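J.: missing the sequence, but the structure's below:
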């Protein structure tokens, strides 16, 4: 039976930028309709707080500490299984349109004799997403040359539409002309009120949708998983008309911040607040200048998702296609005096997750919301179980969400989740060195149990937020004496989490069961005094004697 | 310049079975002489408490939680670097004579397109030890067939010496004839007072030494590392004459145990005490019947090491060969009412480690002892630095011991070790299921800071030993209120340890430094309001404008 998965990811999308997650300004009817037909997860948390590490968790189904790709630009290991491996094992072929932020493990492949350009090499280099079209966006240009590596197909597409340039991404799609007609760099927030120099039908979002629609039409395998991975609303905050001005002048939600947060701030929080982007977004006028464009980019994606869903319907695929929509992480956008992502407040770590399971068994859950703690790493086991496969639990650290989709019931298992964990490796940030941290110890780990958000900071005191008493996460109880018992309990949970990570990946549970006790019967009789002490129906000594 | 390493490992050797580590009965002059010429480490701790996991740590230079081969028979991942990779990178070729207990990662190799019988496949299957002769010993026979896989060269060797049998290991080398001439299985302790059915010149120990000596003679590379890995004194406790009776009837050291240990014992300790081998060794008469044979096997190895060292000398290799002697773990031998290994008391986790650095720079440390906490995982970086290479710190979790050898000084670095960690995955043990544990949560982690030995037991209360107040480790302070502050501190250390493990292995520190800040200059200008806010000497907007 055909089992397709349309796995849609937005980049840097805050949950609360969608109307179904409570935004009063941005109307996202296509996403909302998906939620009405599926289950909306209200407490889905990512495992890594930046693009690359979060995605590595989505794609491998494993925590950052397990897959090791703890920061952007660091590859997952060549022998790390990804979603594509797991799905292939149950007959589902994976395709990509858009961003993955995955890098090749060149050293690993070299040692393993794998030619990066071979079929296997491309599969590994792309974390399993070697079919389809890869484009991570961010083709910026600076004095030290370009960023973003290989020229994507989108460049030529733009040129064919008449946007002639050596780099049409930087010069057209993510650039604007100011009031005097001067070309402006889309990286600067000051220009975000200006429209992109291209038509909305040519934007990265439209292009991604067009190509995804073509791929859906051309699918010639029985079951597929298409990862439609939008580059936006990630910066540069450049939107095509009319999206660039759709929310301008409107009554924007205020940044969630308090002066008290700056007093005696944890040294790491302090360092994050001092980053240039945080300083920008901490200024309300700058933030409010940029936010309408962010919203416009979200609206544009919603419009395009309407086209994507229609295309799926037209192709007759809707009935056997699970649709999943999520984001790799959120965006502070001035909350807590911060910009970007990387720390653990809800605007970054809590992401939208909507899953629409088309099968009848899921009818009971349609339009419901789930408040259980769920995770990025839950998707791989969910996909595998949905496709009828057996998750390879020796690798996978999440839980299948199928029980929720199928029975509208909370997860019930011996592993029922009582907390979620996210991690941040800030060693690449300039302040790391100033704080005496190096590549191996610039690490923070968040454990959130639904009430308390405990953040272990290697080399520093911890942070602690109590979302029951302080739902806005404005008070750090990290060294508050009243919370010492709570901290001890959370510490124990974090130790348990760490000790229970899946490191013994080279064999399955089935293999373990097969082996168990077998060595006794092969004569490995450890520390028995004599034959009659052995609880086995064996005549061992005569066996030896027989020759 | 030639740089050789003679890396000698004994299997299941307790440190206190050597005269230089305080044994009054067993005289081990060859090992003692090595200690006189080198440094004797008094507090070297293993990282895994059984053969396979401990060796995987020795061979990879990584904690069990990092390499993942947490129990015997579980392979390290195909892309896990081993000692052989690290040494090859600095021009040293690795060879093996004897045991490794490493298994091939068949699933990993299959996915990576690596043919197990290819050169690379054999290298990976043998954890880098594909040159030389591999023999894990333990070629037992039971009703379900034989244990130990491929027939080793030692079988044919024995047959050539006249020991005709389908399995000369089980029928001659590790079997004995009782007083009535009946053939007896060497696995049963009852028979351990009887000599093996072969001459001492044909034992596994003698054979291993002979072959190692031949290898040394035939070495044709400029620098080599020869891992001489003895199968004994690991059970079966079968010694050739005269070693079988050398210590019989002597005044044996008593087992270190106390009745109080059995009262309110931690459930996991209780479970270990109930294992058949523990019940055997807890009986003094059985234990005292077996111990002289164990000692005899140690003595036999010491005699053979005399031959090995002489051979090295004869070949003129001594001056440029570092000699290292250690053990993969100890043996309870009735201490704490336990047999075998797997838990964390000193008889198991503290192993002998002697390093003789032949270079002049080490002259100052000859004959000294080092009380610093050291580890199995320190050997790889020590070897690499000794060979003149740069340790690949993105993988390696230990520390080079060269500063101790060269300056007779404690380790001084920003990473100076304040604790050691060892782990146990007991999921393969029959009691695991009875205690409600599965493949992924039957985990214990020990942290020893030189005084306190704290043991985190996933799903159970912790254990705690205070070796200052209780050097014999007879009292578990795991839930003692007096120790609650100490436990909190140890818990924090364990969290730090876990957060600092090396998972980001796909790139070097050099690569990290190279990348740092570079993206700014490639136009990745995150969250700047305008060009003049950028602290870079770039004209960014004209750059965009130039087309």
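T.: Here it is on my side, so go on. From a predicted model like this one, the values you see are computed outputs, not experimental measurements.

J.: going by C-alpha atoms from here, please, whenever you check contacts or count neighbours.
T.: Noted.

J.: got the residues of the stretch 1-150 of chain A near chain B?
T.: A:65-70, A:74-79, A:105-108, A:111-114, A:120, A:138, A:140-147 (CA under 8 Å from any CA of the partner chain).

J.: show me which positions of stretch A:459-466 end up buried.
T.: Neighbour-count burial for stretch A:459-466 flags A:462, A:463, A:464, A:465, A:466 (criterion: 16 or more other CA atoms under 10 Å in any protein chain shown).

J.: which ones are touching the last one?
T.: Residues counted as contacts of residue A:466 (CA atoms under 8 Å, 6 or more residues apart in numbering or on different chains) are A:451, A:452, A:453, A:473, A:475, A:477.

J.: let's see it at 10 Å
T.: A:448, A:450-454, A:472-477, A:483 (CA atoms under 10 Å, 6 or more residues apart in numbering or on different chains).

J.: now residue A:421. Its backbone dihedrals?
T.: phi -130, psi 140 (degrees, to the nearest 10).

J.: model confidence score at the residue nearest to the spatial centre of chain A, please.
T.: By CA atoms, centre = their mean, the mean C-alpha position of chain A lies nearest to residue A:328, the distance being 3.3 Å. pLDDT, residue A:328: 98.

J.: thought residue A:41 was touching residue A:368?
T.: Yes - with contact defined as CA atoms under 10 Å, residue A:41 and residue A:368 form a contacting pair (8.8 Å).

J.: who has more neighbours out of the two?
T.: Neighbours per residue (other CA atoms under 10 Å in any protein chain shown) separate residue A:41 from residue A:368, with residue A:41 holding more: 24 against 17.

J.: okay, now whichever residue of the stretch 201-350 of chain A sits closest to chain B: neighbour count?
T.: Residue of the stretch 201-350 of chain A nearest chain B, by CA to the nearest CA: residue A:277 (4.2 Å). A count of nearby residues for residue A:277, using other CA under 10 Å, gives 21.

J.: ok but it is inside a helix, no?
T.: Yes - under DSSP: H, G, I helix; E, B strand; the rest coil, residue A:277 falls within a helix.

J.: can you tell me, leaving aside adjacent residues, what's nearest to it?
T.: Counting by CA to CA, 6 or more residues apart in numbering or on different chains, residue B:527 is the residue found nearest to residue A:277 once chain neighbours are left out, at 4.2 Å.

J.: quick one: mean pLDDT for stretch A:403-414?
T.: Regarding stretch A:403-414, the rounded mean pLDDT is 70.

J.: my bad, stretch A:64-84
T.: pLDDT averaged over stretch A:64-84 gives 96.

J.: now do the same end-to-end measure for it.
T.: 18 Å (CA to CA, to the nearest Å).

J.: cool, and stretch A:165-179?
T.: In stretch A:165-179, first residue to last residue: 22 Å (CA to CA).

J.: pLDDT score for the residue nearest to residue A:277?
T.: 94.

J.: so who does it touch?
T.: For residue B:527, the contact set (CA under 10 Å, 6+ apart) comprises A:187-190, A:235-237, A:275-281, A:286-287, A:290, A:333, A:339-340, B:534.

J.: same question, residue A:530
T.: Residues near residue A:530 by CA under 10 Å, 6+ apart: A:541, B:184, B:185, B:186, B:187, B:188, B:189, B:190, B:191, B:280.

J.: how many neighbouring residues does the closest residue to residue A:215 other than its chain neighbours have?
T.: Ranked by CA to CA, 6+ apart and with sequence neighbours excluded, the top spatial neighbour of residue A:215 is residue A:132, at 7.9 Å. Residue A:132 has 15 neighbours, counted by other CA under 10 Å.

J.: ok, now how distant is residue A:132 from chain B?
T.: 21 Å (CA to the nearest CA, to the nearest Å).

J.: now that residue: phi and psi?
T.: According to degrees, to the nearest 10, residue A:132 has phi 110, psi -150.

J.: what does residue A:14 give?
T.: Residue A:14 adopts backbone torsions of phi -70, psi 140, taken as degrees, to the nearest 10.

J.: residues contacting it?
T.: Applying CA under 10 Å, 6+ apart, the residues near residue A:14 are A:21, A:233, A:298, A:326-333, A:346-352.

J.: next one: residue A:178
T.: Counting by CA under 10 Å, 6+ apart, residue A:178 has contacts A:184, A:185, A:191, A:193, A:194, A:195.

J.: rewinding a little: now, which of the residues of the stretch 1-150 of chain A next to chain B lie within strands?
T.: A:141, A:142, A:145, A:146 (DSSP state E).
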